[in-house]
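[1] below is the sequence, then the predicted model.
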There are 2 protein chains.
Amino acid sequence: MKTISGLSNPTVKYLRSLRDKKHRRREGVFLAEGLRLLTDARESGRLPQMLAMAEGRDPHPLLDTLIAAVEDAGGEVLAMSEAALSKITGKDNPQAVCGVFGEFDTGLDRLDRTAAPLFLAAQALRDPGNLGTMLRTADAVGAGGLVLIDDCADPFSVEAVRASMGAIFTVPLALARWEEFLPWLRGGAGGQLVAASLRDAVDYRGAPYAAPCFLLVGNESRGLPEGYEMACDLRVTIPMLGRADSLNAAVAGAVLAYEALAALR
Amino acid sequence: MKTISGLSNPTVKYLRSLRDKKHRRREGVFLAEGLRLLTDARESGRLPQMLAMAEGRDPHPLLDTLIAAVEDAGGEVLAMSEAALSKITGKDNPQAVCGVFGEFDTGLDRLDRTAAPLFLAAQALRDPGNLGTMLRTADAVGAGGLVLIDDCADPFSVEAVRASMGAIFTVPLALARWEEFLPWLRGGAGGQLVAASLRDAVDYRGAPYAAPCFLLVGNESRGLPEGYEMACDLRVTIPMLGRADSLNAAVAGAVLAYEALAALR
């Protein structure tokens, strides 16, 4: 373990810069914070290239295991002041350990349509918390992956990684434009595309879901473009009994996912 | 309409102070931001005591309607610089209109157990976004209300109000300690208390839900205290097929709520 000091140390600056998407993309890495999240990563076979922690941290067996694993794999382990760690994480009370991970491949060909009956997809999802929550739900329903279509929030942002509760490390993730996704889906092993919709839709309960089933939710404000919905094989709607006309996007995805799961299991 | 100027104007300071729970509680009011949210409020019969907007805002028929309604009701309408509005909302790009509403009564006796088959409840829910999302879901399933048990996030925080997408104005909300909630539930018209649980639980699908049914989710990290679960009439579990052992709290509440709704409608 190496100790670094000062707030303007180049490594502290490098780590801090990874809160910006531009820098993450250039470096091909992302940050994950907290011992629980880093332990989830380790247990999923993912180790950080670099591990940073506060000096004088209370010992913890999971932290010891993590440090040993990172060092065994040739990664770097750094101790620094709490102030430096706060600068990196942007929090007054930093979670006292954070790691730098290499970004994963996010091509559509990462998805194996025979691996699971269900896949989640989101189009132009803008909130990183919603995105992370969808990853977490995808893990919970045993989905074969999450497809992020068009301009979504960055799944490698600290907020999305945190909300995923470790699912960023386990759920196959693919990023694609619609013009790329649709031909991919229609080719190869095929798949049923199901839109969460308010237009010309059947009730989501008892709808004819068929594996491999891709459940697609749209942008938080605008929903799905009409043309996208019309290109889907099935449009399903969730009853809205109150005065609002939509659910939170991550909530809608989860309600649909559990219904489809029950039909497809 | 009155125009106020300067960033240190007492009204600007007063509005800014309402981002703090302590000040909200002392004044008995809360803030809601954005024309859509304020229009939802108006359509639900709730008008702000005070309406603040940026000077030189583009005209909008919904804004005109809102201003007229607030003035008719004897409320105050204020125009100020964008900088002042930014100071209040804490955002670089303020939503250009915000309102001050009187807090609602949040006693348990606000809830009418004959009004709906389903009620939502959360214990020690800490995230204001999750809280607002549960309000939004409660509206969507036509729930008779949301009960916040023990120390939850403040439902009148700007974040919770925003995430509720207007449901803060329509869904009856009650705040209670567990020691107060349980006797209330067991007395009067009664009610079935259902815990989202990992212990000694039946599958959430096809569970024997009975109206009035109160669906209870626990804290984001710890779930429900075991004693609370044991005091419930029914413990239900949502299948977790991945490596994580829980869903986002607001997601879990919604998956249960839609299942119970289908059973009870």
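    Happy to help now that I have it.
[2] avg pLDDT for stretch A:55-75?
    Stretch A:55-75 comes out with an average pLDDT of 92.
[3] what about it, how long is it end to end?
    Stretch A:55-75 has its terminal residues 18 Å apart, counting by Cα to Cα, to the nearest Å.
[4] does chain B sit close to it?
    No. Figure legend: stretch A:55-75 not in contact with chain B (Cβ under 8 Å from any Cβ of the partner chain); closest approach 15.9 Å. Yep, even glycine has a C-beta here, placed from its N, CA and C like the rest.
[5] got a list of what the residue nearest to residue A:150 when sequence neighbours are not counted touches?
    Closest residue to residue A:150 apart from its sequence neighbours, by Cβ to Cβ, 6 or more residues apart in numbering or on different chains: residue A:124 at 4.9 Å. With contact set as Cβ atoms under 8 Å, 6 or more residues apart in numbering or on different chains, residue A:124 has these partners: A:149-152, A:218-219, A:222.
[6] now neighbour count and distance to residue B:19 too, for those, in TSV please.
    Putting those into TSV (neighbours: other Cβ atoms under 10 Å in any protein chain shown; distance: Cβ to Cβ, whole Å) gives the following:
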residue	neighbour count	distance to residue B:19
A:149	23	36
A:150	18	34
A:151	12	30
A:152	22	29
A:218	24	31
A:219	18	28
A:222	10	29
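[7] as a markdown table, those residues with secondary structure and pLDDT would be great.
    Output for the contacts of residue A:124, formatted as a markdown table (DSSP: H, G, I helix; E, B strand; the rest coil; pLDDT from 0 to 100):
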| residue | secondary structure | pLDDT |
| --- | --- | --- |
| A:149 | strand | 98 |
| A:150 | coil | 98 |
| A:151 | coil | 97 |
| A:152 | coil | 97 |
| A:218 | coil | 97 |
| A:219 | strand | 97 |
| A:222 | coil | 93 |
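[8] how far away is the residue nearest to residue A:150 from chain B?
    Remark: distance between residue A:124 and chain B (Cβ to the nearest Cβ, to the nearest Å) = 18 Å.
[9] where exactly do the helices run in chain A?
    For chain A, applying DSSP state H gives helices covering A:10-17, A:21-27, A:35-43, A:61-72, A:82-89, A:128-140, A:158-163, A:178-186, A:226-230, A:249-264.
[10] contacting residues around residue A:43?
    residue B:243.
[11] cool, and the one 3 residues further on?
    Residue A:46 makes contacts with A:101, A:169, as judged by Cβ under 8 Å, 6+ apart.
[12] up against chain B, what does the stretch 51-200 of chain A have?
    So the stretch 51-200 of chain A meets chain B at A:129, A:133, A:136-142, A:163, A:165-167, A:170-171 (Cβ under 8 Å from any Cβ).
[13] separation between residue A:44 and chain B?
    Applying Cβ to the nearest Cβ to residue A:44 and chain B gives a distance of 7 Å.
[14] tell me, how many residues neighbour that residue?
    Using other Cβ atoms under 10 Å in any protein chain shown, residue A:44 has 15 other residues around it.
[15] test my guess that residue A:66 contacts residue A:38.
    Yes. Counting by Cβ atoms under 8 Å, residue A:66 does reach residue A:38; the two are 5.7 Å apart.
[16] hang on, the earlier thing: dump the contacts of residue A:124 into JSON lines; add distance to residue B:56 as well.
    Output for the contacts of residue A:124, formatted as JSON lines (distance: Cβ to Cβ, whole Å):
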{"residue": "A:149", "distance to residue B:56": "38"}
{"residue": "A:150", "distance to residue B:56": "34"}
{"residue": "A:151", "distance to residue B:56": "31"}
{"residue": "A:152", "distance to residue B:56": "34"}
{"residue": "A:218", "distance to residue B:56": "34"}
{"residue": "A:219", "distance to residue B:56": "29"}
{"residue": "A:222", "distance to residue B:56": "27"}
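[17] please list all residues in contact with residue A:105.
    Going by Cβ under 8 Å, 6+ apart, the list of residues near residue A:105 is empty.
[18] show the backbone phi and psi for it.
    phi -70, psi 130 (degrees, to the nearest 10).
[19] thanks a lot, see you next time.
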